[in-house]
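*Asks:* All I have is the shape, not the residue letters:
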């Protein structure tokens, strides 16, 4: 049995150690834009030889102390200010720290529900840093946060979060309320991409987990502009659980104009389980690109939900020349992404994907026939319209001519399990609504989601997109082949399209089809307007030039051209 004084000492010692560790955590206030080294790293003082606390000195000091819960604040006289790190760039960060630009006088967090009115009064610019990246978080820095900071013109990327292949070494980094690759001015380099960081605006790599980019309310919204040849946000090389939430990506402050940014969000090289939620995404090439999948037996598991991809808050086009969402092996064998969700079955999970030069959603196996299949990519609850080719394209380009390269062809077996679309046979007014009849077959006992969309027009190919989700039908058994459904009242001439997705319970379990052939309310296939049906004009079809003009005038009305095969 311990003697009472010894027992008290034994209990007190851990508390003393805890207090000592907590006491060593430091808060340093940067008071200059200079870039000098700390005079004596580890002495607990952020001070250069000139007794100034530079950003470089603050990072050197917290790394040397080796403790958690550190903070770097800013109080530089005057403002706004920019810090110019020199050729080697700033030191890598190897301990947890909060770098809080909102503490600089004159800063203001965003308060707008749409766009951002944030004032970011302090930043770092890589114009003198050579090929170095901006802020780099390495193993040991998990739990760090960057708030209210501008990060521009770093050729090695704006913010890099690198686990260096060590599981759990860099988890739960938070990036909120920042301007990355932009100064938000709406002029000069902000518009032409001259302030963008090279390669990636934000790069999460090396197995880093749980990075949160945005989120946390209105003040957490980032404005992120990527390089004209790079991406705004990238997760790669085993990065998992990244969350990209409620940001403006590749746009101006209002989300109404596209700025630089070749790819908005890039998920590649075995990145897994990213959530891209509630963002406004513009890009010159592709909105969300998922490529070079991994070997996880559950697939990649990315979820792209509730975003505006290629379309601003007022319907403006912020889309580029290719696709809203593109899933591909990009010519590599054994790396076809699969098990990804574009939208979802729950309310508000659907994306709005519009104005892209090619497809709204494109899933393609390229070049290498040895690449595996890409099953179980689900496309549910979305609004897809105004794109230059098919709203959903499933295509296998490992052979010439491509499999699935014509609208009437069966879908390629390697993509989404070869899921065929339903075929509408009639959409007649009656019974207080619209009586829909369609053909669709599946294995006995297999259930499906059949999504029904309305459109203002069909295209010249006869196959539509899906502008407005009208309803989702739970089809418990598709083996009968012939099916009917009663829809709500619709105006004669309203164009309908359908998609099919395998389900189990209320969860999607199979890949989604392309959109079906269009049919207008009041018509039957090959039958025009049957007796007793309201007289309607022929289903309108538009070519690409007319579509582009109309989309410019009215923000796109769900019209599109015949698909291209490239």
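*Replies:* Okay, I see it. Computed from a prediction, not measured in an experiment: that's the story for all the values here.

*Asks:* Please give the number of neighbouring residues around the nearest residue to residue 105 once chain neighbours are set aside.
*Replies:* Spatial nearest neighbour of residue 105, chain neighbours left out: residue 79 (6.3 Å); criterion: CB to CB, 6 or more residues apart in numbering. Where you see a C-beta, it was placed from the backbone N, CA and C, and this is true even at glycine. Neighbour count for residue 79, taken as other CB atoms under 10 Å: 16.

*Asks:* Number the chain from 645, please
*Replies:* From this message on, residue numbering opens at 645, which makes the last subject residue 723.

*Asks:* Mind pulling up the pLDDT for residue 723?
*Replies:* Residue 723 is assigned 83 on the pLDDT scale.

*Asks:* next one: residue 1194
*Replies:* Looking at residue 1194, its pLDDT reads 36.

*Asks:* Please apply the same query to the one 5 residues further on.
*Replies:* Looking at residue 1199, its pLDDT is 35.

*Asks:* bridging residues for residue 1093?
*Replies:* The partner list for residue 1093 in beta bridges (DSSP bridges) reads residue 1118, residue 1145.

*Asks:* Can you get me a residue count around it?
*Replies:* 22.

*Asks:* Quick check: the gap between it and residue 987.
*Replies:* From residue 1093 across to residue 987, the span is 11 Å (CB to CB, to the nearest Å).

*Asks:* and for the two, which residues touch both?
*Replies:* residue 1024 (CB atoms under 8 Å, 6 or more residues apart in numbering).

*Asks:* before we move on, back to that, which residues sit in contact with the residue nearest to residue 749?
*Replies:* With CB under 8 Å, 6+ apart, residue 723 has these contacts: 748-750, 765-766.

*Asks:* just checking, which of the residues you listed belong to strands?
*Replies:* Taking DSSP state E, the ones among the contacts of residue 723 that sit in strands are residue 766.

*Asks:* Mark which of the contacts of residue 723 are buried, thanks.
*Replies:* 748, 765-766 (16 or more other CB atoms under 10 Å).

*Asks:* okay, the residues you listed in TSV with pLDDT and distance to residue 678 next?
*Replies:* As requested, the buried ones among the contacts of residue 723 are exported to TSV (pLDDT from 0 to 100; distance: CB to CB, whole Å):
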residue	pLDDT	distance to residue 678
748	98	15
765	98	17
766	98	14
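
*Asks:* which one of those is nearest residue 788?
*Replies:* For the buried ones among the contacts of residue 723, the residue nearest residue 788 by CB to CB is residue 766; the value is 17.3 Å.

*Asks:* I'd like to know how far the residue nearest in space to the middle of the chain sits from residue 886.
*Replies:* With the centre of the chain defined as its mean C-alpha position, the nearest residue by CA atoms, centre = their mean is residue 920, 4.0 Å away. Distance, residue 920 to residue 886, by CB to CB: 9 Å.

*Asks:* same check, this time on residue 1123
*Replies:* In terms of CB to CB, residue 1123 sits 41 Å off from residue 886.

*Asks:* Show me the shaky parts of the chain.
*Replies:* Low-confidence segments of the chain (pLDDT under 70): 645-668, 1172, 1175-1176, 1179-1210.

*Asks:* Name all residues that make contact with residue 1114.
*Replies:* Contact analysis of residue 1114 by CB under 8 Å, 6+ apart lists 1096-1098, 1131-1132, 1134, 1140.

*Asks:* What segments of the protein are helices?
*Replies:* Ranges of helices within the chain are 648-668, 699-709, 833-836, 1188-1198, based on DSSP state H.

*Asks:* Excluding chain neighbours, give the residue nearest to residue 759 in space.
*Replies:* Here the residue nearest residue 759, using CB to CB, 6+ apart, is residue 898, at 4.3 Å.

*Asks:* Make sure the one you found is actually in contact with residue 957.
*Replies:* Yes - Residue 898 is within contact range of residue 957, at 7.5 Å (criterion: CB atoms under 8 Å).

*Asks:* higher neighbour count, those two?
*Replies:* Neighbour comparison, residue 898 and residue 957: the larger count goes to residue 898, with 18 against 15 (by other CB under 10 Å).

*Asks:* Identify the contacts common to residue 920 and residue 886.
*Replies:* Residues touching both residue 920 and residue 886 by CB under 8 Å, 6+ apart: none at all.

*Asks:* out of residue 1123 and residue 886, which sits in the busier spot?
*Replies:* residue 886 (27 against 10).

*Asks:* Which strand residues bridge the residue nearest to the centre of the chain?
*Replies:* Residues in a beta bridge with residue 920, per DSSP bridges, are residue 888, residue 948.

*Asks:* separation between it and residue 863?
*Replies:* Separation of residue 920 from residue 863 (CB to CB): 20 Å.

*Asks:* How about residue 1110?
*Replies:* Remark: distance between residue 1110 and residue 863 (CB to CB) = 35 Å.

*Asks:* got the contact list for residue 894?
*Replies:* Taking CB under 8 Å, 6+ apart as the test, what residue 894 contacts is 868-870, 876, 902-905, 908, 925-928, 962.

*Asks:* Farthest-apart pair in those residues, please.
*Replies:* 868 and 928 (14.5 Å).

*Asks:* Give me the more crowded residue out of the two.
*Replies:* residue 868 (35 against 21).

*Asks:* from memory that one sits against residue 891, does it?
*Replies:* Yes - proximity of residue 868 to residue 891 meets the contact threshold set by CB under 8 Å, at 5.9 Å.

*Asks:* shared neighbours of those two, anything?
*Replies:* 857, 877.

*Asks:* Now for residue 721, how many residues are close by?
*Replies:* Quick note: residue 721 (other CB under 10 Å) scores 8 neighbours.

*Asks:* Contact partners for it?
*Replies:* Contacts of residue 721 (CB under 8 Å, 6+ apart): residue 675.

*Asks:* If we use 10 Å, what do you get?
*Replies:* 675-676, 749 (CB atoms under 10 Å, 6 or more residues apart in numbering).

*Asks:* Likewise for residue 742?
*Replies:* Counting by CB under 10 Å, 6+ apart, residue 742 has contacts 671, 713-717, 787-791, 818.

*Asks:* With residue 801 instead?
*Replies:* 770, 776-780, 795, 824-825, 841-847, 849, 871, 874-875, 878.

*Asks:* one more time with 8 Å
*Replies:* 777-778, 841-847.

*Asks:* cool, and residue 986?
*Replies:* So residue 986 contacts 948, 969, 995, 1005, 1021-1024, 1026 (CB under 8 Å, 6+ apart).
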